[in-house]
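Undergrad: With the sequence up front, the predicted model follows.
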2 protein chains.
Amino acid sequence: MAQIQFSRGINEDVVPDVKLTRSRDNTNGTATFYFQNPKALSQSSTDEITGMYLIDEEGELVIKDVKAKFINGKPEALEVFYGMKSVEEWDRFMRFMSRYAEEHGLGFTKS
Amino acid sequence: MAQIQFSRGINEDVVPDVKLTRSRDNTNGTATFYFQNPKALSQSSTDEITGMYLIDEEGELVIKDVKAKFINGKPEALEVFYGMKSVEEWDRFMRFMSRYAEEHGLGFTKS
C-alpha cells in the first residue's frame, strides 16, 4: 500500500495533483504536490503537520518543504515541493508515484 | 526515448491524457488515452493509422483499439483503450508510462 501522510501514522485521504518537471540531461527533477482541502487541514484534525511522508513497500521518503495556502485567512490547500538531484532519486520517486497512482486512481495529464 | 506512434516510424507530437483504472485484486487494469487534435489526424498527414505503438528501450507495445472522434464530420481526437489482464502487463505498461511522462512533461491528476 502506497500512502501519503502529513503526520506520522495518519493517512491523507485527499489525492493530490502532481506536476513533474525534469531537466534535459535527467540530472534534476521536480515534483510539486497540490492538495485541495486535505484532511490534514480539517478542523477536526489535531495532528501537527511535520512534513510529507511518502510510504510504500520500499520504505519512506520524507519531504520537509510543506506550505499551506490561505484563502480569507483559512488554510485551504497544501503545496509541497520536492527537488531531486540525481537519476536515482527520480527513479525512486517514480516507483512510489506509480504505486500511489495505481492505488488511488490517478491518471496522467500534461502539467 | 519513450515515444508514441500511430504509424510506424512517425512520432506523435501531441501528448495525451491517460486515465487509469485497476481492479482491487490487481489482476485487471485499463488505460484510456485521449489525444486532442493529434498530428496523426492532421490534413498534412498521409500516413495510415495502423494502431498505437508505445515504444521505449524495452521494446514495443502494440494496441489495436484506436477510435477517432468526429465533430461536425471532422476527426478531432483519437481515443485508445488498453485492457490489461495480468500484473506483468500492468507493470510493463507503467514502466513505459513513467518514461513517457518524464520525457513529455506529464503529471498525475485524479482521473
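TA: That came in fine, so what should we check first? Residues are numbered from 1 along each chain as shown, chains lettered A, B, ... in the order given.
Undergrad: Please work out which residues outside stretch A:39-47 touch it.
TA: Contact with stretch A:39-47 is made by A:6-7, A:10, A:12-14, A:49, A:68, A:75-78, as judged by CB atoms under 8 Å, 6 or more residues apart in numbering or on different chains. C-betas here are computed from N, CA, C, even on glycine.
Undergrad: Also stretch A:77-85?
TA: With CB under 8 Å, 6+ apart as the test, stretch A:77-85 has contacts from A:6, A:16, A:27-38, A:40-41, A:49, A:52, A:61, A:63, A:65-69, A:90, A:93.
Undergrad: Point out the least confident one among the contacts of stretch A:39-47.
TA: Lowest pLDDT of the contacts of stretch A:39-47: A:P75, 88.
Undergrad: Isn't that residue up against A:K69?
TA: Yes. Between A:P75 and A:K69 a contact is recorded at 7.1 Å, counting by CB atoms under 8 Å.
Undergrad: Do a quick rundown of the strands in chain A.
TA: In chain A, the strands defined using DSSP state E lie at A:3-7, A:10-11, A:17-22, A:29-36, A:52-56, A:59-63, A:66-71, A:74-84, A:106-110.
Undergrad: could these be laid out in a markdown table, adding mean neighbour count?
TA: Below are those laid out as a markdown table (neighbours: other CB atoms under 10 Å in any protein chain shown):
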| stretch | mean neighbour count |
| --- | --- |
| strand A:3-7 | 20 |
| strand A:10-11 | 14 |
| strand A:17-22 | 19 |
| strand A:29-36 | 19 |
| strand A:52-56 | 20 |
| strand A:59-63 | 13 |
| strand A:66-71 | 12 |
| strand A:74-84 | 16 |
| strand A:106-110 | 21 |
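Undergrad: Turn the ones you listed into a markdown table, columns for distance to B:T21.
TA: Output for those, formatted as a markdown table (distance: least, CB to CB, whole Å):
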| stretch | distance to B:T21 |
| --- | --- |
| strand A:3-7 | 20 |
| strand A:10-11 | 21 |
| strand A:17-22 | 18 |
| strand A:29-36 | 22 |
| strand A:52-56 | 20 |
| strand A:59-63 | 26 |
| strand A:66-71 | 30 |
| strand A:74-84 | 26 |
| strand A:106-110 | 9 |
